[in-house]
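J.: The amino acid sequence is not available; the structure is as follows:
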DNA sequence: CCCTTCTTCAACCAAATAGTTGACAACAGT
DNA sequence: ACTGTTGTCAACTATTTGGTTGAAGAAGGG
């Protein structure tokens, strides 16, 4: 099991069903059966997804009679956002600097040759 | 295999080793063996991690003699950021509105009581 | 031409995950 | 005190994942 919080949050959101649940919970709290309704799986499976989201700190549970309403905890998103933004910014800054270097480079200095594609199967988007 | 791009990106970053690689690539391109050096796993394992990151569109590969330098593609982060921001904002907005409602609520209306969790493993009658 | 370096491919293994069914706990309403 | 509703727990299964070893592809340097 992934011990660190960031891994848990990313892993929790790597599943489309769980992302859809989060999306719907952003519109308001819901019970397990309400959440389960749109999906073609058992309510137990949904209960398991909810456990993953809870362990990741993305949702919290309360009690209302037999029901266990699910509540979205939006603050945890910040963990991810901060991580993502940090490295994206760092990388983009580096490219900007690289562009400056290239722009300032005299004509007779050849940059890295194009390195053409080999016939292999691999495809990069 | 997760078909949708968003799932692939989240899943790719759910692993601490892969996140660390991304973090280091934000500082500049690197070869596979350079990337592998700090970790206590085989170079093949690192190569597999790289494949996951590539499939997620987070990195791209080129060729330089025998080497296959790895390059961070920062734009893909936007996919996640957009998703995250959308639902966080939505949820937070909803709470703000809820706060307004609560603030405007007369004193004699009680909100839901705390209702703490109970273990309930094997209770008989 | 070998030979070494850098990297990937293939087969295999252990552990985690997402799903299932079946049982049962907690509570509400007669 | 039953009965139905809501949800969880436990055990089982199939698939995916992250790791291993061993072999092989691709390119450069004697």
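T.: Now that the structure is in, tell me what you want to look at. What you see is a predicted model, and the numbers here were worked out from it, not measured in a lab. Residues are numbered from 1 along each chain as shown, chains lettered A, B, ... in the order given.

J.: Okay, strands next: where are they in chain A?
T.: Remark: strands assigned in chain A by DSSP state E are A:59-61, A:70-72.

J.: deepest of the ones you listed, which one?
T.: Highest mean neighbour count among those (mean count of other Cβ atoms under 10 Å in any protein chain shown): strand A:70-72, with a mean of 22. Yep, even glycine has a C-beta here, placed from its N, CA and C like the rest.

J.: is chain B contacted by that strand?
T.: Yes: using Cβ under 8 Å from any Cβ of the partner chain, strand A:70-72 reaches chain B at residue A:72.

J.: Could you name the helices and strands sitting against that strand?
T.: If you count contacts as 3 or more Cβ pairs under 8 Å, 6 or more residues apart in numbering or on different chains; DSSP states H and E, strand A:70-72 packs onto helix A:16-25, strand A:59-61.

J.: Can you tell me which of the ones you listed is nearest to residue A:41?
T.: helix A:16-25 (7.7 Å; Cβ to Cβ).

J.: now check that closest one, is it near chain B?
T.: Yes: using Cβ under 8 Å from any Cβ, helix A:16-25 comes into contact with chain B via A:16, A:19, A:22, A:23, A:25.

J.: That helix packs against which elements?
T.: Under the contact criterion of 3+ Cβ pairs under 8 Å, 6+ apart, helix A:16-25 touches helix A:32-36, helix A:43-55, strand A:70-72, helix B:5-12, helix B:77-103.

J.: 10 Å instead, please
T.: Contacts defined by 3 or more Cβ pairs under 10 Å, 6 or more residues apart in numbering or on different chains; DSSP states H and E place helix A:16-25 against helix A:5-12, helix A:32-36, helix A:43-55, strand A:59-61, strand A:70-72, helix B:5-12, helix B:77-103.
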